[in-house]
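*Asks:* generate a structure from the sequence data that follows.
(chains A and B)
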Amino acid sequence: MEIPKEEYLLKGSTACAGCSASLSLRYVLKAAGPDSVLVIPASCASVIPGMYPHTAVNIPVYNVAFAAAASCASGMSAAFRALGKKTNVIVYAGDGGTLDIGIQSLSGAFERGTDFLYICYDNEEYGNTGMQRSGATPLGARTTTTPAGKTEEKKDIGAIIAAHNPPYMATACSAFPQDLFKKVTKALSFRGPTFIHVLSPCPTGWHYPPAKTVEVGRLAIKTGMWLLYEREYGKVAISGPTKTAMKNPAPLEEFLGLQKRFAGIDEKTVGVLKQRIAEKIKKLAQEESGVCG
Amino acid sequence: MRIVATGNRAVAEAVRQAAPAVIAAYPITPQTTIVEQIAEFVTHGELTSRYIPVESEHSAMAACIGAEATGARTFTATSSHGLLYMHEMTNWAAGARLPIVMANVNRAIGPGWNIWADHTDSIQERDTGWLQVYASTVQEAYDTTLMAFRIAEHNDVLLPVMVNLDGFLLSHDMQPLETVEPGDFIPPLHLPHAIDTAHPVAYGPLTGPEQYFRFRHDIEQSMRDAVKVIAKTQVEFTRRFGRKYGFTDDYRCEDADVIVIAMGTLGKEAEVAVDALRNEGIKAGSMRLRWFRPFPELDLKGRDVVVIDRDYSFGFGGVLARSVMAATKADIFSVIAGLGGQEVTYDDIAGFVKNRRIGDELWFKVNNSA
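*Replies:* The predicted structure is shown next:
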C-alpha cells in the first residue's frame, strides 16, 4: 500500500495543537484525491480549514448547516451523477452532527442508497462549542455539561448504520492512519452509501497533553475501548490492531488514566465500561465467525 | 396547448418544461399533488430529473442546495410547516447564492391543525433573501413558475425564488391553462460559482466581522438588481407569449379614489368587488401585489388604501399593511381576513371599502363593525 505524497490539507489550518480530526482528515484527503468534494456541517471540521479568504484544504469544501450534511451530500451526489461526473462526495462530520442533530438526514440518505461516503470523526463531545456532552460521550466522562461525569452510555451508531445495510462500513482511529487510508480507499470503491466511524482523540476536551494524541488513540485500541473492524455486505472482518488487542487487552486504566476527563471516575463505572468492552469484543468475534450470540 | 388544470398541476407542468436536473421534495398538504405529478413525469420518462424523496423538508432544501451548488438546476415544493421546518436552509440557499426555485402552497400554521389558505408561512420567510411572488390564477401560477427559473438564474440575481399559490383556493381549483413552448426563454444554467474540483475553493467558510457584512450587502444589491431583471423578464414573456405581468396587477386604478391591496386569490376577488363598487358609483380600484420581495414601488398618492392581510405580525400589525405604510407613507385601513381559509367574498371586500376607517385595523368577524 502506497500513501500518496500529495498533501491536500495544507499549512494554515486553525485546528488546536494535537487535533487528531486534522490528522485523520489528512489521510482521508490523500485517499480521496483531487476529484472529491468535502461536505462539512457545523463542527470542529468547519474550523480546521481556516478563515475566509483563505483555506487550508485543497479540494472544494462545502460548508453546510449542522443537521444537513447527509442531505446536502444527497443532492450533490445526485447532481454530479446527473452531470455524468464520478466526483467523490464525502461528508466529514463530528459525532454531534452524526449521532445527534444530523441522524435524521443521515438515516434518510442511507435509506435512499445515496452514492457517497460519510465519515464521522468522533471526539466524543461537542468540541467546537467548548466540550459539551454528545450522544457519543462515553459513560463516566466529564464534559462541560456533565461536570460530574456522564451518567449514560455511548450511543451505538455502528448498530444504527448497520441496520441500514450499507455495502460497506468500517471503524478507524486517527492513531492508525494507514488503516484509515485503506478503509477510505475501499469505501470509495463502492457505489452507494458507505460509512467510516473514526475515533479522534481530542487533547483540548479529553484533557491530555497534545503530544500524546497518537498514544491515547493507540491505547483506545489496545484496551478494546475502541474496536477496529470492517463490515462489507454485512460480513465482519476485524482489523489487525484490534485482533492483536483482543488476544491480550491492556488494562483500561492505562487509557483512562491519561485523560483528565476520567479523573474522579468511580470503580463501579470503570467496571461497567470493562464489562461493555468484554461484551462488544465477544459480539464482534461472533459476528466475524458468523456465529449468532 | 389549452387544458383545464389545477394550480398545482400548472406548477408541475412548468417544472416539467424547465427540466431541473434534481428535484428533492417531501409531501405536505396541499402541496402534495405537485410532487405526485412530478414523480409521475419522472417515472414515465417525461422528465429526466433525479427525484430525491427526502425524509424531511429540511433535507429537501439541503439536497437542493448540494445539487444546485454543482451548477445543476433544482426545484422543490412545500407548504406551511414544511416551509418553516426548512427555514434554516432557506437562509442558507440565499446566502450561498443558489438560484433554487420553490413553489410554496400557502397554508396556515398550527396549532390547531388547519390545512387552508394563509400567508403566515411565506411571510415568515420575508427576510431570508428569497424573491417572493404570489399568483392568483392557474395561468399565472404556470407563467410565473416559468419566469422564476429565468429570473433566479440570471447572472445579476443568483438568488432563490419562491412562487406562492393559495392552498386549495388555487392549488386545487380547476381553471383553463394555456401552456407554451418555453424554448430558450429559460436558457441553460451557468452558475459562476459552481463546484469545480479542478479549481477548488471553500464555500461558506468561517467569515469574520470584517468580511461577513459584505456578503449580506451583496444579497441586497442583487435584490435591487432583481427589480430590473424581473421587469425585463415580464416584458420578454409578454413579447413571446402574449400575457402581461407587472410587479402589481392593477385593475381600474387610474381614476380610483380608493385602492384595495392584497396578495394571491384575495387580490383577484378584489377585482370583482371593484366592479360591484363601481356599479354603485364608488371609484374603487385593485392593486394586487404580485412581487413581495423585492418590494415594488407603489404610487398611492391621494388615494385611500384598504390593505387585506392573510397574515399577521403579533404585537405590530398586518405585514402587508405595515409594508405598504412603510414603503409609501400612505394612510390605510388594515383588514385582517382570510386566515386559515376564512371565507372572504367580494361582497365582504366591497364592505371593507365602503366602511373603511383610515388609520384603523379590522379583524374580519372579530371586531366586525365594517
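
*Asks:* burial of the single nearest residue of the stretch 151-293 of chain A relative to chain B, as a residue count?
*Replies:* Ranking the residues of the stretch 151-293 of chain A by distance to chain B (C-beta to the nearest C-beta) places residue A:164 first, at 12.2 Å. Yep, even glycine has a C-beta here, placed from its N, CA and C like the rest. The burial count assigned to residue A:164 is 17, neighbours taken as other C-beta atoms under 10 Å in any protein chain shown.

*Asks:* and the nearest residue to it once chain neighbours are set aside, how far from chain B?
*Replies:* On the basis of C-beta to C-beta, 6 or more residues apart in numbering or on different chains, the spatially nearest residue to residue A:164 that is not a chain neighbour turns out to be residue A:110, at 4.0 Å. Relative to chain B, residue A:110 is positioned 10 Å away (C-beta to the nearest C-beta, to the nearest Å).

*Asks:* by proximity to chain B, which residue of the stretch 101-250 of chain A wins?
*Replies:* Counting by C-beta to the nearest C-beta, the stretch 101-250 of chain A gets nearest to chain B through residue A:108 (3.2 Å).

*Asks:* verify the stated contact: that residue with residue A:71.
*Replies:* Yes: with contact defined as C-beta atoms under 8 Å, residue A:108 and residue A:71 form a contacting pair (6.6 Å).

*Asks:* care to break chain B down by domain?
*Replies:* Dividing chain B into domains by automatic domain parsing, as the record does, gives the ranges B:2-241, B:248-363.

*Asks:* so what's residue B:338 up against?
*Replies:* For residue B:338, the contacting residues are B:117, B:118, B:266, B:308, B:310, B:344, B:364, by C-beta atoms under 8 Å, 6 or more residues apart in numbering or on different chains.

*Asks:* repeat that with 10 Å
*Replies:* Contact criterion C-beta atoms under 10 Å, 6 or more residues apart in numbering or on different chains gives B:108, B:116-119, B:166, B:169, B:262, B:264-266, B:269, B:308-311, B:344, B:348, B:364 as the residues in contact with residue B:338.

*Asks:* narrow those to those in strands?
*Replies:* Applying DSSP state E to those, the entries found in strands are B:166, B:262, B:308, B:309.

*Asks:* mind checking which of those are buried?
*Replies:* Judged by neighbour count, with 16 or more other C-beta atoms under 10 Å in any protein chain shown as the criterion, the buried members of the ones in strands among the contacts of residue B:338 are B:166, B:262, B:308, B:309.

*Asks:* which neighbours do residue A:108 and residue A:71 share?
*Replies:* Counting by C-beta under 10 Å, 6+ apart, the common neighbours of residue A:108 and residue A:71 are A:114, B:52, B:54, B:55, B:56, B:58, B:59, B:63.

*Asks:* distance of residue B:307 from chain A?
*Replies:* Per C-beta to the nearest C-beta, residue B:307 is found 35 Å from chain A.

*Asks:* and that residue, how many neighbours?
*Replies:* Residues within reach of residue B:307, counting by other C-beta under 10 Å, total 28.

*Asks:* that one contacts residue B:349, doesn't it?
*Replies:* No: counting by C-beta atoms under 10 Å, residue B:349 is not a contact partner of residue B:307; they are 11.6 Å apart.

*Asks:* residues shared between the contacts of those two?
*Replies:* What both residue B:307 and residue B:349 touch, as defined by C-beta under 10 Å, 6+ apart, is the set B:260, B:262, B:335.

*Asks:* in three-state terms, label the last one for me.
*Replies:* The three-state label given to residue B:335 by DSSP: H, G, I helix; E, B strand; the rest coil is strand.

*Asks:* any regions of the stretch 151-293 of chain A where pLDDT drops low?
*Replies:* When the per-residue scores of the stretch 151-293 of chain A are filtered using pLDDT under 70, the ranges that remain are A:292-293.

*Asks:* looking at the shared contacts of residue A:108 and residue A:71, which is nearest residue A:27?
*Replies:* Each of the shared contacts of residue A:108 and residue A:71 was scored against residue A:27 by C-beta to C-beta, and residue A:114 proved nearest at 23.2 Å.

*Asks:* list the contacts for that closest one?
*Replies:* Contacts of residue A:114 (C-beta under 10 Å, 6+ apart): A:70-71, A:73-78, A:89, A:91, A:106, A:108, A:166, A:192-194, B:52, B:63.

*Asks:* try it again with 7 Å
*Replies:* Contact partners of residue A:114, counting by C-beta atoms under 7 Å, 6 or more residues apart in numbering or on different chains, are A:73, A:74, A:77, A:193.

*Asks:* so which of these is the closest to chain B?
*Replies:* For chain B, the nearest member of the contacts of residue A:114 is residue A:74. The distance, counting by C-beta to the nearest C-beta, is 4.8 Å.

*Asks:* report whether the host helix or strand of that closest one contacts chain B.
*Replies:* Residue A:74 is part of helix A:69-82 when elements are defined by DSSP states H and E. Yes: part of helix A:69-82 sits near chain B under the criterion C-beta under 7 Å from any C-beta of the partner chain, namely A:71, A:72, A:73, A:74, A:75, A:76, A:78, A:79, A:80, A:82.

*Asks:* doesn't residue B:20 make contact with the fifth one?
*Replies:* So the one you mean is residue A:75. No: here residue A:75 does not reach residue B:20: they are 11.2 Å apart, not a contact under C-beta atoms under 7 Å.

*Asks:* neighbour count: the two, which is higher?
*Replies:* Counted by other C-beta under 10 Å, residue A:75 and residue B:20 do not tie: residue A:75 has more neighbours, with 35 against 28.

*Asks:* can you classify the residue nearest to residue A:164 as helix, strand or coil?
*Replies:* Of the three states, residue A:110 takes helix according to three-state DSSP.

*Asks:* could I get the full set of strands for the stretch 151-300 of chain B?
*Replies:* Assignment of strands within the stretch 151-300 of chain B using DSSP state E, counting those that start in this stretch yields the ranges B:161-166, B:175-178, B:202-203, B:248-251, B:258-263, B:284-289, B:291-293.

*Asks:* got the contact list for residue B:139?
*Replies:* B:175, B:177, B:178.

*Asks:* hmm, back to that, is whatever helix or strand comes next after the helix holding residue A:74 in proximity to chain B?
*Replies:* On the C-terminal side of helix A:69-82, the closest following helix or strand by DSSP H and E is strand A:88-93. No: Strand A:88-93 does not reach chain B (C-beta under 7 Å from any C-beta); its nearest approach is 8.0 Å.

*Asks:* show me what strand A:88-93 is in contact with.
*Replies:* A:25, A:28, A:32, A:35-41, A:43, A:45, A:69-70, A:73, A:76-77, A:80, A:102, A:116-121, A:188.

*Asks:* likewise stretch B:185-201?
*Replies:* For stretch B:185-201, with C-beta under 7 Å, 6+ apart as the criterion, the contacting residues are A:34-37, A:55, A:58-60, A:62, A:87, B:18, B:69-71, B:73, B:97, B:146, B:149-150, B:153, B:155, B:240.
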